[in-house]
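A.B. asks: Have a look at this prediction, sequence included:
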Amino acid sequence: MGWIRMTSDQIETEHICCALGTKSYERAVAEKKQWLKDRMDEGLVFYRLDERAKVFIEYMPAEKAWVPICAPNFMYVHCLWVSGRHQNNGYAKQLLDYCKNDAIERGMDGIVHIVSNKKLPFLSDKTFFEHMGFEAVDRAEPYFQLMALRWNERAVVPTFNKRARLSTDDEGISVYYTAQCPFAVGVLEELSKVAAARNVPFQAHRMTKREEAQNGPTIWTTFGLFYDGKFVTHEIVSPNKFDRMLTRLIAEKG
């Protein structure tokens, strides 16, 4: 058992881990693969376990990451995922070490990653990154934290982009997303049907350029759901959970 560093030439034929078992999201998987290919030209690195499993890391220079952060000369970890029976085998540390060694070889000052102040779906476990020497260097409402591992103490301390508003001017439900995650792309049609059944306006705004994501209204640019302009969640929710969420939001609105 070993590791594969994926290349843009391999993307079409190799699995991309997070999309295992998502046959109903074939279009979304194709869009994720294209997003990866395009980002690899900008320095994105994708390592995965050499077997059919959800064990992988995606990282790239923070200046080119599709998130609202200011972290010059840092590496940004977009996604680190070790699931199922592969947990507690040291794989997460190995993958993070690949990122760290790569960043050091490039002359970078450290690594950054976005987590939450508590365990939430689709965000990494903060305690693991603390164990690996990361510390929280900035916070953004309602629960986002920017973690940094710095080996150059003279380096600029990374921060969230203060222009990230965490609000929109949209009425009803609005979702701001990118093709970074096939689940985000794949669930939108189902969510729009739930909203339509309740006569709630629904808008999906896909961010197709890095600048849009870096200056957009949501911290977790993979998926950000808003109701009447207010941030609700970063979680890519199922139709049933979204329906329950709408019930609560409508009731709170009165």
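C.D. replies: Everything's here; your move. Numbering: from 1, shown residues only.
A.B. asks: what sits against residue 175?
C.D. replies: By CB atoms under 8 Å, 6 or more residues apart in numbering, the residues touching residue 175 are 188, 191, 202, 203, 204, 205, 223, 224, 225, 226. For glycine as for every other residue, the C-beta is placed from the backbone atoms N, C-alpha and C.
A.B. asks: Now distance to residue 30 and secondary structure too, for those residues, in CSV please.
C.D. replies: Shown next, in CSV, are these (distance: CB to CB, whole Å; DSSP: H, G, I helix; E, B strand; the rest coil):
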residue, distance to residue 30, secondary structure
188, 15, helix
191, 20, helix
202, 24, strand
203, 23, strand
204, 18, strand
205, 20, strand
223, 18, strand
224, 23, strand
225, 24, strand
226, 27, strand
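A.B. asks: Any chance of a markdown table for those, columns pLDDT and neighbour count?
C.D. replies: Shown next, in a markdown table, are the contacts of residue 175 (pLDDT from 0 to 100; neighbours: other CB atoms under 10 Å):
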| residue | pLDDT | neighbour count |
| --- | --- | --- |
| 188 | 93 | 17 |
| 191 | 97 | 23 |
| 202 | 97 | 17 |
| 203 | 97 | 15 |
| 204 | 96 | 15 |
| 205 | 96 | 17 |
| 223 | 96 | 23 |
| 224 | 96 | 25 |
| 225 | 97 | 20 |
| 226 | 97 | 23 |
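A.B. asks: dump the residue contacts of residue 75.
C.D. replies: The contact partners of residue 75, by CB under 8 Å, 6+ apart, come to 59-62, 99-100, 102-103, 106, 108, 110-112.
A.B. asks: Ok, residue 190 next?
C.D. replies: residue 239.
A.B. asks: Quick one: classify it as helix, strand or coil.
C.D. replies: State at residue 190, reduced to three classes by DSSP: H, G, I helix; E, B strand; the rest coil: helix.
A.B. asks: Would you check how far apart residue 208 and residue 221 are?
C.D. replies: 12 Å (CB to CB, to the nearest Å).
A.B. asks: Looking at the two, which one has more neighbours?
C.D. replies: residue 221 (27 against 10; other CB atoms under 10 Å).
A.B. asks: Okay, and the closest residue to the more buried one other than its chain neighbours sits in which element?
C.D. replies: Counting by CB to CB, 6 or more residues apart in numbering, residue 213 is the residue found nearest to residue 221 once chain neighbours are left out, at 4.3 Å. Element membership of residue 213 [criterion: DSSP states H and E] is helix 210-214.
A.B. asks: Any buried residues in that helix, and which?
C.D. replies: 210, 213, 214 (16 or more other CB atoms under 10 Å).
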